[in-house]
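Chemist: structure here, sequence nowhere to be found:
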């Protein structure tokens, strides 16, 4: 393909944001339609990725490489079966988010939309970057729009929430930066070549003792993003204060970045350290599952409840990733998409309610179903998707995760399965308190059922929920080879764990490049 | 014709979809027509396929239709495939047949409800899920149906969600079922890990091939049975079913009596090889069933809510089905399931008819003497009561006798089974007793109606009474396809039909005299129960009151359902909430967030201290600068 | 020929005078002048050493400093003038906008 499709998808939203700058701030509808158009075009472009993606090739596809700053800092992007779907999820949700903010955001519409589009570029950039420097740039760049989205359009405690969010994330990512530069210097020492290329680093075989520190630096950064227990407290605050659109993107996509980071960086780069920390990480994930569920049970704020449910769900995803087998890994990736859809949808739903009554407290509602029957149906479906009801998407992910975990460790699976009960508990209870029972107060009597725009953005989500629950093959088949490849990479190196004889050396060995890679390099030079 | 059997579940599914999307715009008449027709079409195809099964040679079972490969990830391969064998056939016929009758009845019962379309959407969705459950060719797909019916149960119990009690009951049903379902899911996972497939054929092959040790079989069987106790409302997870009576009465008849709650029995029968392999698991099943049968019957004795009595009765009767499965009489268990579907749905529908007549009254204390007002409901209800009580020549007698005979026969191997049989007989007395208590209190004796209610009393419309008559007919006649073995093996048509699926390993023989004796005992206990009820509630109504005052503790215990709801609440629900709150307030907010905010405060504090050096005075800066230069120079020079 | 040391000593004396004046005096204009004196002391040292080492580098730097000092004087005085207009004072103790 000659068209740099991946760059196009990545930077189209940014270009759109630049375009929006030149439009007068009072022409709100023009701004909205324009940004919606950009988001939809981006989505359509990203669909071509799916259709042209070859599921037989485990290595990155649609690769683009260009010199940037030198010293190994290249513009190097590409996707595999893991990042493909996360990009699709992002581009799929963005039009929905813009639609959901149509009337919700009234002040500074222009800036809101610009930040949203910039955010999208940042997110896609994180998922496509194959150069660690580039990755880090996107990883940090994404924080800026998010900071403003929460800090400007958020609720009363928005400044606290947004600072907490940014500082938490920065703290983690700085350690990661140090680790990246450490890898960089080691690669230079070993080969005399400057490189930030992820695939060059994959060939490094590091001393397990040094791996531990590097892994911890990476893992902390990702664990905060996920968030793993006990680094989770920024999440409820950020969610509660954020405007609906930001909540959706935060829950649906940003949290996945942590898990993605584990899959792309932490696991394959430091396999020996992973083996060492596996029990602890699994324990933290498990605690997260149960802890998040229990905390969700007692939340009074609907958004906070969904936020804690995210912690619980992400715990299951991480536990599945740490099971290190194909079923669990595919389940985890699938569950990431599910969680993106169902939790995103739940935030949209809370947003719809908030737009009508300007309160997020569960106790201020009651009997809403009577006033809003159509809305009630959507709420029910999204809730059930999050609960993991068979026939909807959540089930496929959950059963694969639990099956994989079960294969790895029966006890963990038995404890992890408690999420099934807890999720039913807190979500059904929330549904009951908000939607069922007698109509609680007069304010609810004035609620109007959802309008065409709102139906318009909920329907695609619901369709996807059914599709992914009934016919998951198009998704699973595309990720299979990438997942097996990744697992091979992690498991192949296990043997070196016992070979930590040369404690003083940072670097044990460097794998010879395969002929294919060499050929590729030649081609690069030729170009 | 049998090739189209896979359409059976999808006709109601299509109907559900149409109703869910366009329901609002469709006229009421069309909605009910479509909903009923879809179920009827399923019934017709089931019947055709079942006849087809009869004609094919035994070796050709089961019919399997692989629709597409559903989940495929590593070694986790699950197909979306349906199958049709005698066991599925029985269930499909019951579900679609009884389901159709209840759909029709609902047309009348729900006529004035504003959620009419929603009701039929849910009901069709239920039929679809239930048919998937019984026709799934693997455990995972079965689990889909299993949870699907749970969802419909949730939706239909909470159908009148404006009532707190209904919303609560729906939620309770779903969560309690989920607890059972986790056990079920774990069982599936164990099977998948050890056999590598969840297809029933593969599982059965593996079990017969000895791929599974007895210990593992016990574990799996008990885990699966945990799921069954949830769905089929057995001890200890039965608590949701009585509350489930908050739903519309036809729903109670269809879901909470005839079909969904028997899914556990179906599952155990489907996995019969597993339970045959593990005797411990089978004994657990039998014991839980027997205890539940008696325990639930005692609770039914004291309830005044007509639907709750029937709910406890359902729990008790399902206990009998599990006794059947546990003692190895799977066919008899299925047979009881099948007869029970008719007479219990009849009883529920008749109860619905009573409620309809009495403007929604459900308290038996405010009924009595209804016989003359409800000329059609009374005889049909009576037939149902006689059938469930186990009076000879009615369907319930044949099926219950088959179970108890087998339990007694198993006594040859272990005295344990005599105990089970004893409990069964005890339950039989109680069944007859509480059923006729219900009949006498409702239809006989003095009238205790509210005058306001009495003004509007009327027999139900035809669309409701005709289903009653049909069900009454089957409540009598359904038993004749499974006559006792003592009359000749050929006459047990039902058992023979199921034979290819249910492999009865242990042959048990009883002498003809013993069999006749057992029949006599069963007959005797049925009449005994009826007689006691007659004495208590017609002849001298003071006796039960005296008993209640003489043994207040026992009465209170039974009346309050042994306080199990309260105990569960105090032991599981409340502490969870309480401790979550404590952890949230103290750990999440204070420890973790405290650490985070503490770090922030400490950083701020350090900044404040350092800021003293920044006086804003240019001379201070100059001085510091000068000092720096001097130190630097000193370092360079010395 | 006057010895090089004399020039250097003069430069040091000028620098120290400037530094003392900077710390002793209170108004900004005087302080500013003392900074100029210090700059010129440095200039003197540069040019002396350049002459004795017989290299042009030092002289170039001196020209450089003179131009920068001229620009600086213009801007600095402008700033002081603005401060005076706003605050009606040019006492350096009264001006501490940058206090942390």
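Modeler: Nice, thanks for sending it over. Computed from a predicted model, the values in this text were never measured in an experiment.

Chemist: and stretch A:431-451, end to end?
Modeler: By Cα to Cα, to the nearest Å, the extent of stretch A:431-451 from end to end equals 21 Å.

Chemist: now it: mean pLDDT?
Modeler: Confidence for stretch A:431-451, expressed as mean pLDDT, is 87.

Chemist: find the residue closest to residue A:287 in space, skipping its chain neighbours.
Modeler: Distance criterion Cβ to Cβ, 6 or more residues apart in numbering or on different chains; nearest residue to residue A:287, sequence neighbours excluded, is residue A:229 at 4.8 Å. To be clear about C-beta, it is placed using only N, CA and C from the backbone, and glycine gets the same treatment.

Chemist: how many other residues sit next to the closest residue to residue A:80 other than its chain neighbours?
Modeler: Sequence neighbours aside, residue A:482 is the residue nearest to residue A:80 in space, at 4.3 Å (criterion: Cβ to Cβ, 6+ apart). Each residue near residue A:482 was counted by other Cβ atoms under 10 Å in any protein chain shown, and the total is 25.

Chemist: quick one, grab the pLDDT at residue A:482.
Modeler: According to the prediction, residue A:482 has pLDDT 88.

Chemist: isn't there a helix covering it?
Modeler: Yes: under DSSP: H, G, I helix; E, B strand; the rest coil, residue A:482 falls within a helix.

Chemist: who's in contact with it?
Modeler: A:58, A:80, A:81, A:82 (Cβ atoms under 8 Å, 6 or more residues apart in numbering or on different chains).

Chemist: kindly report the same for residue C:22.
Modeler: Counting by Cβ under 8 Å, 6+ apart, the residues that residue C:22 touches are B:619, B:622, C:31, C:34, C:35, C:38.

Chemist: of these, which is the most crowded?
Modeler: Neighbour max across these (other Cβ under 10 Å) = residue C:31, 23 neighbours.

Chemist: pretty sure the residue nearest to residue A:287 is in a strand, no?
Modeler: No: if the criterion is three-state DSSP, then residue A:229 is coil and not within a strand.

Chemist: which of the contacts of residue C:22 come close to chain A?
Modeler: Applying Cβ under 8 Å from any Cβ of the partner chain to the contacts of residue C:22, one finds that nothing falls near chain A.

Chemist: for these, which one is nearest chain A?
Modeler: Closest to chain A out of these is residue B:622 (34.9 Å), distances taken as Cβ to the nearest Cβ.

Chemist: need the nearest residue in space to residue B:397, chain neighbours excluded.
Modeler: Nearest non-adjacent residue to residue B:397 (Cβ to Cβ, 6+ apart): residue B:390, at 4.8 Å.

Chemist: retrieve the pLDDT associated with the one you found.
Modeler: 88.

Chemist: now secondary structure and pLDDT too, for the contacts of residue C:22, in JSON lines please.
Modeler: Formatted as JSON lines, the contacts of residue C:22 follow (DSSP: H, G, I helix; E, B strand; the rest coil; pLDDT from 0 to 100):
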{"residue": "B:619", "secondary structure": "helix", "pLDDT": "83"}
{"residue": "B:622", "secondary structure": "helix", "pLDDT": "86"}
{"residue": "C:31", "secondary structure": "helix", "pLDDT": "90"}
{"residue": "C:34", "secondary structure": "helix", "pLDDT": "92"}
{"residue": "C:35", "secondary structure": "helix", "pLDDT": "90"}
{"residue": "C:38", "secondary structure": "helix", "pLDDT": "92"}
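
Chemist: could you pick out the longest helix of the chain?
Modeler: You didn't say which chain, so I picked chain A. helix A:158-191 (DSSP state H).

Chemist: hmm, I had chain B in mind actually
Modeler: helix B:164-195.

Chemist: what distance separates that one from the middle of the whole chain?
Modeler: Centroid separation for helix B:164-195 versus its chain: 11 Å, with Cα atoms, centre = their mean, to the nearest Å.

Chemist: ok so residue B:65 is a helix residue?
Modeler: No: going by three-state DSSP, the assignment for residue B:65 is strand, not a helix.

Chemist: return the residues in contact with it.
Modeler: Here residue B:65 is in contact with B:3, B:5, B:6, B:81, B:82, B:83 (Cβ under 8 Å, 6+ apart).

Chemist: make it 10 Å
Modeler: Listed by Cβ atoms under 10 Å, 6 or more residues apart in numbering or on different chains, the contact partners of residue B:65 are B:3, B:4, B:5, B:6, B:7, B:80, B:81, B:82, B:83, B:84, B:135, B:137.

Chemist: what about the first one, distance to residue B:48?
Modeler: Spatial separation of residue B:3 from residue B:48 under the definition Cβ to Cβ, to the nearest Å is 11 Å.

Chemist: ok, stretch A:35-51 near chain B or not?
Modeler: No: using Cβ under 10 Å from any Cβ of the partner chain, stretch A:35-51 stays clear of chain B, coming no nearer than 17.9 Å.

Chemist: mean confidence for that stretch?
Modeler: For stretch A:35-51, the per-residue pLDDT averages 92.

Chemist: name the residues of that stretch that are buried.
Modeler: A:35, A:36, A:38, A:39, A:41, A:42, A:43, A:45, A:46, A:49 (16 or more other Cβ atoms under 10 Å in any protein chain shown).

Chemist: just the ones of those residues in strands?
Modeler: Nothing among the buried residues of stretch A:35-51 maps onto strands, per DSSP state E.
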